[in-house]
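In: The sequence and its predicted three-dimensional model are supplied below.
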Amino acid sequence: VQDSVQITNENFVVFGDNNLSGLKPPNEQNLHQLKRVWLAQITGEDIKETPLHFRLELHNLLSPQFLERVKDGQLKMWMLHDPYANNGTVSDFDNGYVEHYTPFDLEILPDGKVYAHFKDVYFDEDVSSFDQFTFAVGPEMLLQVRYTQWQCTGTCFDIEILITGGQSPYIVKLFDESQNLIPVTFDPILTELYEQHTYTANVCATMEYLVKVVDDNNALLEYTFQVNPQNYTLDLGPDQFFSETLTEILLDAGQGIINDPEATYQWFFNENQIGHYESSLWASEAGNYKVIVTTSDMACQLEDDINLSFQLNASVTYNYICSEEQSFLSIEVSNGIPSYSTHILGIDNGYDVTIVHETNTLHQGIPSGSYEITVSDSAGSSFQVLLEINPNQTTPLEFDPVAPLSSSQPTITLDAIEPFGNNPNHIYAWYHDNLLISTSQQLEIDSPGHYSVIAYDSETECEVEANILIDYIFEVTLETLFESNGDCRSSNNTLNIYINFGYENFITILQGNSGTFTYLHSGDFTISAIPYGEYIVTVTDNDGTGHIYQETILFENDISVLELDIYTQLIDICESCTGQTCELIYGMCPNNIPSIDFNCPALIFTLDASVLIDNNPNVTYEWYLWNDLITNNPELSFEKSADCYTIYQDNGSCNRNAVYSIIVTDTITGCTTSQNFAMKGWCPVIDTPPALKTYTSTVYPNPANPDVTFYYEVGSQELFGGTVQIFNVLGQILYTNFIQGNIKYTLPYNITSSGTYFIRTTTADGTILVDRVIIK
């Protein structure tokens, strides 16, 4: 019985069910689920850490047929727990993320009652509000597949294969649609985390895949799945601000997930889940909002957050009307929550006034001096400015700040009415860096600098000045390119400089260990053949007098060059065991594959393809015997055998040697290298030799006419090699040809003399096919 646990107050679990009875038909894993499904909801955080114990009454749930098979061990009871389900739909408990529990005890009482005990069940360990669970009866072993799309974009997926039950060790194989074997790796870390034997793989093609699992008792499970890459995005946008008119803000997380109407949404406010599961949310409180979006197949999960707050904008300007000899403060507010409070504190004259207002306001009669002016709104936002006031002198005005010139805003229009008001008597004079450029009311500018406008009233003879400094954003993008050949041994480094916004001409300085290089250009620019190393890139516009863009780049030769020394290991093993000089022999096998022949009784030796490979977790190994993949381990051992597996022997093309290949691939860079060699009299030490191929052969037309072409065809389900020969009845060889790397081989041939002839094909794995052709 499970140990008792202490549960603090206000922490409990609420259960409910759909009140159905009976079993469902078997699913793909041959599980008969109960039609009854339970919904669990927790209250309090502590309950998440509390293990629960279930005692399931089987004698009233299962038919006698199923009950007896459970009692004698032919079938197993399972608890199915879906932690990601909500209370909107009933889970089908048939996805890769359902948790499976097996009974820790099957209680059989003398009165015929039978109970299954499940312990250490935890609810709501994720961030959902609800869990669902049910029970099922089925086989000893279950198989699940989870696949996760890299970055939620592209075509590549991480595959996790989870095995529950059965008897380890397991043989796990993953095939694509063309029956190509995909490397699968046992993951001890995930196995410990999931408490299920877990194997991992990577696939990058949209197709259907097949998983085959065989446990130590030869129980077989197969599972077919298909990956469908999507390019999903999630963007709640930039941070936003509430205002007097904008009291609610709509947050929409569904725009990038519109192709998946079954995606789930979980919203959080200041890191606390708020129980909202729609794609959009109306927010009315300031704080941090976060959403987690999970696609319906759980292959992709995206997260984004946004800050909503109140931001008071205010401007305080001093105005002097020379015609009326009046001075006043103009206080303008926006994006705040009324009412407003403006505190005017004289730093050097003791002036201290607080004004409460609902909108913009004016304050007249302020004496000269230095002031600290603070504007606050009812939400607690504030704005502060320091101001120097001299009522006896006309103070130059300032335009409201404008965004700098950029690629998105290449021109800016200034209007003199903004600082001076609409005075029909005003005569304007615009200056750029102290040069008169216009006398219009408005001025369109496309270059940075200091701008001023003087407004002169001919009636009052008042002259007022306003100033603004127009800046710009120097927009530069650097792109570094590394190009390599197929084996990643040589490269050409290139730097592309893109000028998105700036003013000609441009000066680029590339400074590194190999020297300093200066380039003058009028737009985008490319620098090629750059040596490896770190560089400081400095780009200046406007002939070197404008803005400066600087960035550090690195061309690092971090591509691991893959090297193999299998040939050296073979020679060392041969010389160590024979005491003689050994060498590889070329010319005995096709494609210049070297062979080696040595005889050392009672010896087992191992070849290691990882000796010269850096400790790189992205490297994969593939050992082939002819065209058969025999292991993905870096090491392959051999033992002496007078009769190595017949399927490994080539009876013609390589002097009865078996040809081995090792291919090493860096899955990140795509770099690859390989070595081949031939050897006989030694067997690879592997768990299960590849199965014999099957072959078919035929001759047509048969019988055939003299001196008329007939055709001989031989084929297999996989690539094969071998020798084809034609004999007469006396055993004389009339024709010989070698077959290499074919799935189907066709020989057109004609014979001038009547009689019976024989065609024999001897394949590389030792299979012999004999056909007869009759020439009329």
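Out: On my side now, so go ahead.

In: measure the residue lying closest to Glu45 once chain neighbours are set aside to Thr43 for me?
Out: Sequence neighbours aside, Asn11 is the residue nearest to Glu45 in space, at 7.6 Å (criterion: C-beta to C-beta, 6 or more residues apart in numbering). In short, each C-beta sits where N, CA and C put it, glycine included. Distance check for Asn11 against Thr43: by C-beta to C-beta, to the nearest Å, it reads 6 Å.

In: out of those two, which sits in the busier spot?
Out: The neighbour comparison of Asn11 against Thr43 (other C-beta atoms under 10 Å) goes to Asn11, with 15 against 12.

In: Tell me who's in contact with Trp78.
Out: The contact partners of Trp78, taken as C-beta atoms under 8 Å, 6 or more residues apart in numbering, are Leu31, His100, Tyr101, Thr102, Phe135, Ala136, Val137, Gly138, Leu142.

In: So which of the residues you listed are in strands?
Out: Restricting the contacts of Trp78 to those inside strands, with DSSP state E as the criterion, leaves His100, Tyr101, Phe135, Ala136, Val137, Gly138, Leu142.

In: Tell me where this structure has helices.
Out: With DSSP state H as the criterion, the chain has helices at 64-71, 188-194, 417-420, 566-578.

In: comparing the ones you listed, which gets the lowest mean pLDDT score?
Out: Taking each of the helices of the chain in turn, the one with the lowest mean pLDDT is helix 417-420, at a mean of 84.

In: Mind listing what's buried along that helix?
Out: Of the residues in helix 417-420, those buried by neighbour count under the rule 16 or more other C-beta atoms under 10 Å are Pro419, Phe420.

In: Over to stretch 656-673?
Out: Taking 16+ other C-beta under 10 Å as the neighbour-count basis, stretch 656-673 is seen to contain the buried residues 657-667, 669, 671-673.

In: how about the spatially most central residue of the chain, what does it touch?
Out: If you average the C-alpha coordinates of the chain and look for the closest C-alpha using C-alpha atoms, centre = their mean, you land on Trp150, 1.7 Å from that point. For Trp150, the set of contacting residues under the criterion of C-beta under 8 Å, 6+ apart consists of Cys156, Phe157, Asp158.

In: and the nearest residue to the last one once chain neighbours are set aside, what is it in contact with?
Out: Looking back up the chat, that one is Asp158. In space, and not counting its chain neighbours, Asp158 is closest to Thr148: 4.7 Å by C-beta to C-beta, 6+ apart. Counting by C-beta under 8 Å, 6+ apart, Thr148 touches Phe157, Asp158, Glu160, Ala299, Cys300.

In: Report the buried members of these.
Out: Those of the contacts of Thr148 that meet the buried threshold are Phe157, Glu160, Ala299, Cys300, by 16+ other C-beta under 10 Å.

In: ok, those residues vs Lys744, which is closest?
Out: Distances from Lys744 to the buried ones among the contacts of Thr148, taken as C-beta to C-beta, are shortest for Phe157 (33.4 Å).

In: Isn't the closest one up against Met298?
Out: No: if you go by C-beta atoms under 8 Å, Phe157 and Met298 don't touch, sitting 11.9 Å apart.

In: Could I get the pLDDT score of Ser641?
Out: Ser641 is assigned a pLDDT of 74 by the prediction.

In: Tell me how far it lies from Gly350.
Out: Ser641 is 107 Å from Gly350, where distance means C-beta to C-beta.

In: okay, the two: which has more neighbours?
Out: When neighbours are counted by other C-beta under 10 Å, Ser641 and Gly350 differ, and Ser641 comes out ahead with 12 against 9.

In: residues near the nearest residue to that one once chain neighbours are set aside, how many?
Out: The spatial neighbour of Ser641 that comes closest, neighbours along the chain excluded (C-beta to C-beta, 6+ apart), is Cys683 at 4.2 Å. Cys683: 18 surrounding residues under other C-beta under 10 Å.

In: ok, now Pro169?
Out: Around Pro169 there are 11 residues (other C-beta under 10 Å).

In: ditto for Phe104
Out: Using other C-beta under 10 Å, Phe104 is surrounded by 12 other residues.

In: What is the burial count for the nearest residue to Arg36 once chain neighbours are set aside?
Out: Residue nearest to Arg36 in three dimensions, not counting chain neighbours: Leu20, with 4.9 Å by C-beta to C-beta, 6+ apart. Other residues near Leu20 number 12, with proximity taken as other C-beta under 10 Å.

In: before we move on, back to that, make TSV out of the contacts of Thr148 and add distance to Phe727.
Out: Output for the contacts of Thr148, formatted as TSV (distance: C-beta to C-beta, whole Å):
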residue	distance to Phe727
Phe157	54
Asp158	56
Glu160	56
Ala299	59
Cys300	63
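
In: right, and the pair among those residues with maximum separation?
Out: Between any two of the contacts of Thr148, the greatest separation by C-beta to C-beta is 14.4 Å, found for Glu160 and Cys300.

In: Looking at the buried residues of stretch 656-673, which is nearest Ile630?
Out: For Ile630, the nearest member of those is Tyr660. The distance, counting by C-beta to C-beta, is 8.7 Å.

In: Just the buried positions in stretch 405-413, please.
Out: Within stretch 405-413, the residues that count as buried by 16+ other C-beta under 10 Å are Leu405, Ile412.

In: Domain-wise, how is this structure divided?
Out: Under the assignment named as automatic domain parsing, the residue ranges that make up the domains of the chain are 12-139, 145-226, 240-309, 313-389, 397-470, 475-555, 566-684, 695-775.

In: I'd like those domains as TSV, with distance to Thr233 appended.
Out: Putting the domains of the chain into TSV (distance: least, C-beta to C-beta, whole Å) gives the following:
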stretch	distance to Thr233
domain 12-139	21
domain 145-226	8
domain 240-309	4
domain 313-389	29
domain 397-470	21
domain 475-555	21
domain 566-684	24
domain 695-775	43
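
In: residues contacting the nearest residue to Leu636 once chain neighbours are set aside?
Out: Nearest in space to Leu636, with sequence neighbours left out and distances taken as C-beta to C-beta, 6+ apart, is Trp623 at 4.9 Å. The neighbours of Trp623, taking C-beta under 8 Å, 6+ apart as the test, are Ala609, Leu629, Ile630, Thr631, Asn632, Asn633, Leu636, Tyr660, Ser661, Ile662, Pro684.

In: So what does the first one have for phi and psi?
Out: As for Ala609, its main-chain torsions (degrees, to the nearest 10) stand at phi -80, psi -10.

In: That one contacts Glu635, correct?
Out: Yes: with contacts defined as C-beta under 8 Å, Ala609 counts as touching Glu635 at a distance of 7.4 Å.

In: I'd like to know how far Tyr232 sits from Tyr265.
Out: Tyr232 sits at a distance of 13 Å from Tyr265 (criterion: C-beta to C-beta).

In: And for Glu177?
Out: Plainly put, Glu177 is 34 Å away from Tyr265 if you go by C-beta to C-beta.

In: who's more crowded, these two?
Out: In this comparison of Glu177 against Tyr265, neighbours counted by other C-beta under 10 Å, the higher total goes to Tyr265 at 17 against 11.

In: and the more buried one, bridged to which residues?
Out: Under the criterion DSSP bridges, Tyr265 forms beta bridges with Val293.
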